[in-house]
Every structure is written in C-alpha cells, then in structure tokens.
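Colleague: Sequence first, then the predicted structure, then my questions.
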Amino acid sequence: MKTFHLACAAAAALIGVALAGAPARAEIKNYEFQLTQPTVKAGADRIVTVRLVDKTTGKVPDAVIFSTRLDMAPDGMQEMATTVTPMPGTEPGTYRFKATFGMAGRWQLSLGAKVQGETGSVENKLVVTAEQ
C-alpha cells in the first residue's frame, strides 16, 4: 500500500513539473501582421513584405499563411482583385508577396495564418498604397 502511495505521489510530481515547464502561450489575438513598407509603385511584379509579430512580446513567431487576397476594397472597388504570389522571406517572421498593382490607389492585403503551437488563426487586413 505504501508503494502505491509513493508511485501516485511521484506521478503527480512529474505532472506538476511537466506543466510548470510548459511554455506560456500567447492568445491568438496578440498576433498581428505589419507592413514593412506602406507604399509601392503601381505596376507589375511589385513586392510587398509583412512581418508577423506577437504584440505582447515583440517576438516574431513562425506561421503558415493559408489565405491571401489583394483588392482595392479601401477605395470601394473590391471587385478589382489581383493575384498574390508568395515569395521566400528574407528574415525570420517575414513574408513576401509578389503582385501586380494595376493602378494607383489603396489596396487591401488580406492575410490568414496559423501560428505554430497556437489555437485559432490570425487574420489581418493591411492597406498598401500604390503610387504612380
């Protein structure tokens, strides 16, 4: 009987140590995408770079982007959409996209991503201004 109680106590201690050593998770609402440059030149094959940041720590987590859309919704022309092509990032936590900005104006880059180790998804809409 004494052995049984010791085994239970040891198991409880191991669970406690495991839980105490688990990294604290941020809430998914604490993550956001930020533009590295708010403007681009209008035209073909322009690169837009964004950074994913944990707003509470400033750290840059790994994520998988599963949704992208670029359109002129800020100027009331959401039907004017263009293709977004993912490009390799140049730094950890940065994501680059190639797109054609067919005209000057405000373009909305909508992104959806899953952050590694977090529940839920990050969804942001960023406004990029295309200039002549």
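Modeller: Ah, there it is.
Colleague: make it CA atoms for all contacts and neighbour counts henceforth
Modeller: Will do.
Colleague: Could you list the residues in contact with stretch 83-98?
Modeller: If you take Cα atoms under 8 Å, 6 or more residues apart in numbering as the criterion, stretch 83-98 is touched by 45-53, 60-63, 68-70, 99-100.
Colleague: Ranking helices and strands of this structure by mean pLDDT, which lands last?
Modeller: Within the chain, confidence by mean pLDDT, DSSP states H and E is lowest for helix 2-21 among all helices and strands, at a mean of 43.
Colleague: Strand partners (parallel or antiparallel) of the very next helix or strand once past it?
Modeller: Using DSSP states H and E, the helix or strand that follows helix 2-21 in sequence is strand 31-35. Strand 31-35 sits in its sheet next to strand 43-54 (antiparallel), going by DSSP bridges.
Colleague: Can you mark which positions in the strand it pairs with are buried?
Modeller: The neighbour-count check on strand 43-54 (16 or more other Cα atoms under 10 Å) flags 47, 48, 49, 50, 51, 52, 53, 54 as buried.
Colleague: Just give the nearest non-adjacent residue to the residue nearest in space to the middle of the chain, would you?
Modeller: The centre of the chain sits closest to residue 52, judged by Cα atoms, centre = their mean, with a distance of 4.5 Å. Leaving aside its chain neighbours, residue 52 sits nearest to residue 33 (4.4 Å; criterion: Cα to Cα, 6 or more residues apart in numbering).
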